[in-house]
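1. The amino acid sequence is not available; the structure is as follows:
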């Protein structure tokens, strides 16, 4: 009947979202990494209705097809873990819980518990995967306060690249910001990278704040608050990550 819900195979529903090939989707299902409405599903013949069934694929929640696309910007305070796992105590999901589609949103990347600033969330699985793709990594800009006072020589070493965990960091932009701070722009996202780079040149990070990701800036959003990106901002973000994929 016209207008009736259309059930399709689970692996097709995943592939249609652009999250994985159908074969990869089948592997995820068999491995127990897919949930439908909160229940783990391992049967490849399972049928779902993408317009109403909520899927979680390898920890990433997908909005139903009826849901509108949302990209959220949070000014994350320190003390919150970037995770959906409630066992971690204070988590960023608590800070966006008032949003009507909070249950569908996933943090894009992470900020350490002791870092603050810009953190994006979205229910758009394709955009999420694109933003997390190392080959399409957008610039991320941070304001960093350190001790002791920072020198031009230390900044130059960080800008040129340092061996961290046995691998050289990419060259980056670094600019002095007062006697005890600097602004740094990275094009990669390694674990605790800025803190490790600072330690490598004899500095201790006292405060780390992300202020920009690609074309999206934190602006004057108060700490602990969130807002939805405007359609023009979402379009600019999508365009930036698409351009990055063609580099």
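-> Yes, it's here. Computed from a predicted model, the values in this text were never measured in an experiment.
2. What's the mean pLDDT across the strand ranked longest in the chain?
-> In the chain, assigned by DSSP state E, the strand with the most residues is strand 204-213. In this model, strand 204-213 carries a mean pLDDT of 98.
3. again with stretch 105-125
-> Across stretch 105-125, pLDDT averages out at 93.
4. end to end, how far does it reach?
-> 10 Å (C-alpha to C-alpha, to the nearest Å).
5. list the buried ones in it?
-> 105-108, 111-113, 115-125 (16 or more other C-beta atoms under 10 Å). Where C-beta positions appear, they are placed from N, C-alpha and C, glycine not excepted.
6. and the lengthiest helix in the chain, which residues are buried?
-> Longest helix of the chain, by residue count under DSSP state H: helix 231-244. Residues of helix 231-244 classed as buried by neighbour count (16+ other C-beta under 10 Å): 233, 234, 237, 238, 240, 241, 244.
7. Find the residue at the geometric middle of the chain.
-> Central residue of the chain (C-alpha atoms, centre = their mean): residue 108, 1.5 Å from the mean position.
8. how close does that residue sit to residue 237?
-> For residue 108, the distance to residue 237 (C-beta to C-beta, to the nearest Å) stands at 10 Å.
9. Repeat that for residue 136.
-> To residue 237, residue 136 is 11 Å away according to C-beta to C-beta.
10. Which strands border whichever helix or strand comes after the longest strand of the chain, and is each parallel or antiparallel?
-> Moving toward the C-terminus from strand 204-213, the next helix or strand (DSSP states H and E) is strand 216-217. Note on strand 216-217: by DSSP bridges, its sheet partners are strand 204-213 (antiparallel).
11. the inter-axis angle of the strand it pairs with versus helix 231-244?
-> 100 degrees (axes from the mean of the first three to the mean of the last three C-alpha atoms, to 10 degrees).
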